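J.: let me see the structure of the following:
(one chain, ligands or ions: 1)
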Amino acid sequence: MSLPGDRERLSALSRQLPGVEVRLRRLRRSLVSVRRASDRLILTLHPAVVYDPDCSVFIGAWIAHQGRHGTSQRLRAWLDDIRLRNRNADMEMHRNHLRGMETIGGDCDVQARASRIHAAAFADLDLPVLRWSRRPPKRRLRHLRFGCYRRLPQPVIEISPRLARPWVAACFFDHVLHHELCHHRQHRSGAPRSEGIHSKRFRVWERDFPGHDEALFWERMALPWLLDDSEPPWYRDAPCTVPPASSPPSS
Ligand SMILES: [Zn+2]
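T.: Below is the predicted model:
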């Protein structure tokens, strides 16, 4: 989707940057991406970036100075600001929906939750050992590994204790368990070495989880609070402040 004025801004930016092909695309994991083709640079921008009136200033300086003279740091800060504004707008729009989502509550029984998912979708396999992983540091994190699957010496699924919070959405917690159980299926089915860790068939199994889309929606909204280890504002009407934007997590 592009907003009125995006195309004009994009053409103005292209004129400002000779030798650069500027594209508009809703990137999944970042707002800006740049790669070198044989005779030009290909710069792909998220619509949220192009929509910002300062686009040509920050992007232009960054390209012109090839990321030097502090232009990378200034670009990063500006992108963080855009992310923050977008997240706030999203959160306001979805506040009631988020508030209505079922949470895991206190004293999360990871074993019982995993057993239920195992019985529903993985009953043909053995159930790996389930445990919490090591407690991450108390500070705000830039990355958070929600869960981890280890094949050897015996199959083990570890879940981050950062998810043992009463405000974590039940569908998200179960999605993480389901994701790790998909790794177990991959292992038990004798995946060849050439198969990628999140291969095509893995993604098909993963999407079989009934709460898949809802879980990803919650993750997108709640990630800053997961990284910050603080209650999100839609839970018990805590004061509404968004922690600074951070990098995407891995699981
Ligand atoms: Zn994975």
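J.: mean confidence score for stretch 88-97?
T.: Mean pLDDT, stretch 88-97: 85.
J.: what's the burial count for the nearest residue to residue 121 once chain neighbours are set aside?
T.: Closest residue to residue 121 apart from its sequence neighbours, by C-beta to C-beta, 6 or more residues apart in numbering: residue 208 at 6.5 Å. Using the backbone N, CA and C atoms, a C-beta is placed for each residue, glycine as well. When neighbours are defined as other C-beta atoms under 10 Å, residue 208 has 11 of them.
J.: does residue 208 touch residue 117 like I think?
T.: No. If you go by C-beta atoms under 8 Å, residue 208 and residue 117 don't touch, sitting 10.9 Å apart.
J.: following the strand or helix carrying residue 14, which helix or strand shows up next?
T.: Assigned by DSSP states H and E, residue 14 belongs to helix 6-16. Using DSSP H and E, the helix or strand that directly follows helix 6-16 along the chain is strand 20-24.
J.: so for that next one, what gets flagged as buried?
T.: Of all the residues in strand 20-24, those buried under the rule 16 or more other C-beta atoms under 10 Å are 20, 22, 24.
J.: please apply the same query to stretch 223-239.
T.: Across stretch 223-239, burial judged by 16+ other C-beta under 10 Å covers 223-230, 232-235.
J.: distance check, residue 18 against residue 148.
T.: 47 Å (C-beta to C-beta, to the nearest Å).
J.: who has more neighbours, those two?
T.: Each of residue 18 and residue 148 has its neighbours counted (other C-beta under 10 Å); residue 148 has more, 15 against 7.
J.: give the bridge partners for that one, please.
T.: Beta-bridge partners of residue 148, counted by DSSP bridges, are residue 158.
J.: quick one: terminal-to-terminal distance for stretch 40-55?
T.: The first residue of stretch 40-55 is 20 Å away from its last residue (C-alpha to C-alpha, to the nearest Å).
J.: give me the mean pLDDT for that stretch.
T.: Per-residue pLDDT over stretch 40-55 has a mean of 88.
J.: so the closest residue to residue 136 other than its chain neighbours, which of the three states?
T.: Leaving aside its sequence neighbours, residue 136 sits nearest to residue 162 (C-beta to C-beta, 6+ apart; 5.9 Å). Three-state call for residue 162 (DSSP: H, G, I helix; E, B strand; the rest coil): helix.
J.: gap between residue 162 and residue 184?
T.: Residue 162 sits 22 Å away from residue 184, going by C-beta to C-beta.
J.: please apply the same query to residue 203.
T.: Relative to residue 184, residue 203 is positioned 16 Å away (C-beta to C-beta).
J.: can you check residue 106 too?
T.: Counting by C-beta to C-beta - residue 106 and residue 184 are separated by 28 Å.
J.: now do residue 228
T.: 31 Å.
J.: for residue 207, same thing?
T.: From residue 207 to residue 184 the distance is 17 Å (C-beta to C-beta).
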